[in-house]
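Asks: whatever this is, show me its structure:
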Amino acid sequence: QVQVVESGGGLVQAGRSLRLTCTVSGGTFSNFVMGWFRQAPGKGREFVAEISRRGVNSDYTNSVKGRFTISRDNAKNTVYLQMNSLKPEDTAVYYCATSSLGGPHPHRYYDWGQGTQVTVSS
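Replies: Presented below is the predicted three-dimensional model:
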């Protein structure tokens, strides 16, 4: 059974940085497209970024382009989300998930972590 665990969230001031980490166990990590999503209070789950199996290709939602970077280390079964120039509107629970298809739609992802809270103060 695949397990997904996120870490690295916290409370930061606007303009600062955080790096989220997601570790996957119980599956062949290099077979997965990996995605990051977020969910703010009262809102639906929003696509943030995805990365291809070998880390060659990535995609981002427009609101984080130029500020966030997704990367992966297949030797460590880990995917990262480096978040720079954080804004209060980035406040949300951030989730990591596995997929064989990828893309921006949550239903294309099947193993999810429990999420990590990111709070950005103004």
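
Asks: any weak-confidence spans in the protein?
Replies: Low-confidence regions of the chain, defined here as pLDDT under 70, do not occur.

Asks: in this protein, which residue is closest to the centre?
Replies: Centroid-nearest residue in the chain, with CA atoms, centre = their mean: residue 36, separated by 2.5 Å.

Asks: how about that residue, what does it touch?
Replies: By CB atoms under 8 Å, 6 or more residues apart in numbering, the contact list for residue 36 reads 20, 22, 48-50, 70, 79, 81, 94-97. Glycine gets a C-beta too; all of them are placed from N, C-alpha and C.

Asks: those strands in the protein, which residues are they?
Replies: Here the chain has its strands, by DSSP state E, at 3-7, 10-13, 18-25, 33-39, 46-51, 58-60, 68-73, 78-83, 92-99, 111-112, 116-121.

Asks: now those strands in JSON lines, with distance to residue 105?
Replies: Shown next, in JSON lines, are the strands of the chain (distance: least, CB to CB, whole Å):
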{"stretch": "strand 3-7", "distance to residue 105": "18"}
{"stretch": "strand 10-13", "distance to residue 105": "28"}
{"stretch": "strand 18-25", "distance to residue 105": "19"}
{"stretch": "strand 33-39", "distance to residue 105": "10"}
{"stretch": "strand 46-51", "distance to residue 105": "7"}
{"stretch": "strand 58-60", "distance to residue 105": "12"}
{"stretch": "strand 68-73", "distance to residue 105": "17"}
{"stretch": "strand 78-83", "distance to residue 105": "18"}
{"stretch": "strand 92-99", "distance to residue 105": "10"}
{"stretch": "strand 111-112", "distance to residue 105": "14"}
{"stretch": "strand 116-121", "distance to residue 105": "21"}
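
Asks: since we're on residue 93, how many residues are nearby?
Replies: 18 (other CB atoms under 10 Å).

Asks: sorry, that was for residue 74
Replies: Neighbour count for residue 74, taken as other CB under 10 Å: 15.
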